[in-house]
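> here is a sequence with its predicted model. Questions after.
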Amino acid sequence: MFKERVQKISVDAGLTCPNRDGKLSGTGCIYCNSKGSGTNASARGLSIKEQIEAGKIGARIKYKAKKFLAYFQSYTNTYTSCAHMKEIFDEALSCDGVVGMAIGTRPDCIDPEKLDLLEAYARDFLVWLEYGLQSIHDETLKRINRGHTFQDFLDAVDMTKGRGIHICTHVILGLPGEDRAMMMETADRLARAGINGIKLHLLYVIRGTPLDEIYLNGEYTCLEQEEYVNLVCDFIERLPKDMIIQRITGDPHSDELRAPDWAARYRQTFNMIQHAMEERDSFQGKKFKP
Ligand code: SF4
């Protein structure tokens, strides 16, 4: 599409999330820290333009990138008015070299009016809408305090399809109460959900989160590294060949990480997955059930 590297730059638009501001639970998903999985740049007073310009410097040095995607990562980036969404997205897309956006949100924070706005951007720019789901199992979503159901996700995907917007979904492996069979059910179901991309994350424990308390009480055991590697390979085999896998593990800040230790060794886990795929003669689509 762009015939060259396009580098994502994380942007914090200073928004919040209905699962944190009291509209839903007020305490957030059990694994989420107060930064809402983001950079906190807005709280430090940086405008969207300033964040993108700062991000470009590193992306140019490290990757020689000349084109960029603004990645609205922190909190829920459609949890505001359409007018405000337009303001922040216009600001990002007006930056030199920005060819599109990836917008992180929740399935219960989207509606046709917001999608109309994103559809209009998608005519001229690459637009990815990233829905946090984590699991297809409602009992798990309840346990981790997501505040939405799997049906909410299916409804959001239905509303989004056919508008030129690319749909990505986030999944977490190793959620409390989930065994391998449940995680594979998530893979099989999402393989047929009509989404374009997926991000796989490891559940790790961040200090100060509700999950931290559960972990310290001995009520949650983290996945072992080998176990995670095999789960990722199994998961990938079940996905259709044309689904874009955007992430295969998380990358926590080591100063915030409680456990497991190996979660901080992102590159090692990445290499282990690659090696295991080769050893097992695994490939994406090997066990895809249309
Ligand atoms: S939806 Fe996202 S930002 Fe909101 S509490 Fe959950 S992980 Fe945090």
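Thanks, I have it. Numbering: from 1, shown residues only.

> the helices in the stretch 1-150 of the chain, which residues?
48-63, 82-93, 112-122, 138-143, 150-160 (DSSP state H, counting those that start in this stretch).

> which residues in this protein form strands?
Secondary structure of the chain by DSSP state E: the strands cover 6-11, 67-72, 98-105, 126-134, 166-173, 197-202, 205-206, 244-247, 257-259.

> give me whichever of the helices of the stretch 1-150 of the chain is most buried.
Ranked by mean neighbour count, these are led by helix 150-160 with a mean of 18 (mean count of other Cβ atoms under 10 Å). Backbone N, C-alpha and C define where each C-beta goes, glycine included.

> what average pLDDT does it get?
For helix 150-160, the mean pLDDT works out to 98.

> that helix vs strand 98-105, what angle?
150 degrees (axes from the mean of the first three to the mean of the last three Cα atoms, to 10 degrees).

> returning to that earlier point: which one of the helices of the stretch 1-150 of the chain lies nearest to the ligand?
Of all the helices of the stretch 1-150 of the chain, helix 138-143 sits nearest to the ligand, with 10.8 Å by Cβ to the nearest ligand atom.

> so the spatially most central residue of the chain bridges to which residues?
Taking Cα atoms, centre = their mean, the centroid of the chain lies closest to His170, which sits 4.4 Å from it. Judged by DSSP bridges, the bridge partners of His170 are Gly132, Lys199.

> thought it was touching Lys199?
Yes. Contact criterion Cβ atoms under 8 Å: His170 and Lys199 qualify, at 4.8 Å.

> how near is Arg143 to Thr149?
Distance, Arg143 to Thr149, using Cβ to Cβ, to the nearest Å: 13 Å.

> oops, could you answer that again for Ile57 instead?
42 Å.

> same thing with Glu278?
38 Å.

> next: Asp179.
Relative to Thr149, Asp179 is positioned 21 Å away (Cβ to Cβ).

> quick one: which of these two has more around it?
Thr149 (15 against 7; other Cβ atoms under 10 Å).

> which phi and psi does that one have?
Backbone torsions of Thr149, given as degrees, to the nearest 10, read phi -110, psi 170.

> that one and Asp138 touch, don't they?
Yes. Judged on Cβ under 8 Å, Thr149 makes contact with Asp138 at a distance of 5.3 Å.

> for the closest residue to Ile167 other than its chain neighbours, what are its contacts?
Distances taken as Cβ to Cβ, 6 or more residues apart in numbering place Ile195 nearest to Ile167, at 4.5 Å, with adjacent residues excluded. Going by Cβ atoms under 8 Å, 6 or more residues apart in numbering, Ile195 touches Val157, Ile167, Cys168, Thr169, Met243.

> tell me the one of those nearest the ligand?
The closest of those, once distances to the ligand are taken by Cβ to the nearest ligand atom, is Thr169, at 13.5 Å.

> how much space separates the closest one from Pro107?
Distance from Thr169 to Pro107, by Cβ to Cβ: 9 Å.

> what sits in contact with each of the two?
Tyr131, Leu133, Phe153.

> just to revisit the earlier point, of Thr169 and Pro107, which one has the most company?
Legend: neighbour count by other Cβ under 10 Å for Thr169 and Pro107, higher for Thr169 (26 against 22).

> is it correct that that one is in contact with Asn196?
No. Applying Cβ under 8 Å as the test, Thr169 and Asn196 come out as separate, 9.2 Å apart.

> low-confidence stretches in the stretch 51-200 of the chain?
By pLDDT under 70, the stretch 51-200 of the chain has no low-scoring segment.

> who touches stretch 256-266?
With Cβ under 8 Å, 6+ apart as the contact definition, stretch 256-266 has outside contacts at 33, 202, 204-207, 212, 215-216, 222-225, 249-252, 254, 268-269.

> same thing with stretch 21-34?
17-20, 36, 134, 143-147, 172, 176, 203-211, 214, 256.

> what's the burial count for whichever residue of the stretch 51-200 of the chain sits closest to the ligand?
Taking Cβ to the nearest ligand atom, the ligand has its nearest neighbour within the stretch 51-200 of the chain at Tyr75, 4.6 Å off. Neighbour count for Tyr75, taken as other Cβ under 10 Å: 27.

> right, and it touches Leu15 too?
Yes. Judged on Cβ under 8 Å, Tyr75 makes contact with Leu15 at a distance of 4.9 Å.

> would you confirm that Ala70 contacts Met101?
Yes. Counting by Cβ under 8 Å, Ala70 touches Met101, with 4.8 Å between them.

> intersection of neighbour lists for these two?
Contacts common to Ala70 and Met101, judged by Cβ under 8 Å, 6+ apart, are Ala92, Leu93.
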